[in-house]
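A.B. asks: here is a sequence with its predicted model. Questions after.
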Amino acid sequence: MRYLALGDSYTIGEGAGEADRWPVQLAGLLRARGVEIGDPEIIARTGWTTDELSAAIDREDPRGPYALVSLLIGVNNQYRGRGAEEYRTQFAALLQRAIGFAGGDAGKVIVLSIPDWGVTPFADGQDRARIAAEIDLFNRINREETQRLGARYVDITPQSRAAATNPASFAPDGLHYSGLTYAEWARLALPSALAAPGAAAAP
């Protein structure tokens, strides 16, 4: 089984080792449960917005079908002050592309919510309430579009906020997360991945 992971710094695991990236950890959890899946093909880079991810997909030209596709994108749209309706349009287009990479089967696509960077040490002195409200708005949008198109939704935002109580949750830059946090995201995504068509039938 092939796995395509699309996203930004959270998917590429900025500040963590390659083995600590949450898609890599998710693949490991799946293999531990008898699912024959390879390491993820990752198209992600720190700082990418929705349109930048779309342009990168054009350049990389991944060839499906994939047994599993994940999508986590939007924090940089919020960080740069980009509009919510623009996000909706571009996110929906990305999700449709993700479904296409999954052979047209939305049940093989997992969307993760946007973590709240406002709780990180990096955000000290920022308007944390405003950041949280904007992240919540963007997450309402990506949840609505995920449900509309029939993909699977994994809400990691509460966990990202709870992580603020543990300094070990963060990478050295104080903005991104450590392998410890990414392990939690992989654990939260596991039920949806196991429910993807094909995974449950694995030996």
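C.D. replies: Here it is on my side, so go on. Numbers count the residues shown, from 1 in each chain.

A.B. asks: poorly predicted segments of the chain, please.
C.D. replies: Across the chain, the stretches falling below the confidence threshold (pLDDT under 70) are 199-203.

A.B. asks: what about the helices in it?
C.D. replies: Applying DSSP state H to the chain gives helices spanning 9-12, 22-32, 50-60, 75-79, 84-101, 128-149, 157-162, 179-195.

A.B. asks: ok, and the closest non-adjacent residue to residue 179?
C.D. replies: The shortest distance from residue 179 to any residue that is not its chain neighbour, by C-beta to C-beta, 6 or more residues apart in numbering, is 3.0 Å, and that residue is residue 20. For glycine as for every other residue, the C-beta is placed from the backbone atoms N, C-alpha and C.

A.B. asks: hang on, the earlier thing: could you dump the helices of the chain to JSON lines with distance to residue 170 and mean neighbour count?
C.D. replies: Rendered in JSON lines, the data for the helices of the chain read as follows (distance: least, C-beta to C-beta, whole Å; neighbours: other C-beta atoms under 10 Å):
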{"stretch": "helix 9-12", "distance to residue 170": "12", "mean neighbour count": "24"}
{"stretch": "helix 22-32", "distance to residue 170": "14", "mean neighbour count": "21"}
{"stretch": "helix 50-60", "distance to residue 170": "24", "mean neighbour count": "15"}
{"stretch": "helix 75-79", "distance to residue 170": "15", "mean neighbour count": "20"}
{"stretch": "helix 84-101", "distance to residue 170": "25", "mean neighbour count": "18"}
{"stretch": "helix 128-149", "distance to residue 170": "15", "mean neighbour count": "16"}
{"stretch": "helix 157-162", "distance to residue 170": "10", "mean neighbour count": "17"}
{"stretch": "helix 179-195", "distance to residue 170": "8", "mean neighbour count": "20"}
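
A.B. asks: and the gap between residue 63 and residue 177?
C.D. replies: Computed with C-beta to C-beta, to the nearest Å, the distance linking residue 63 and residue 177 is 30 Å.
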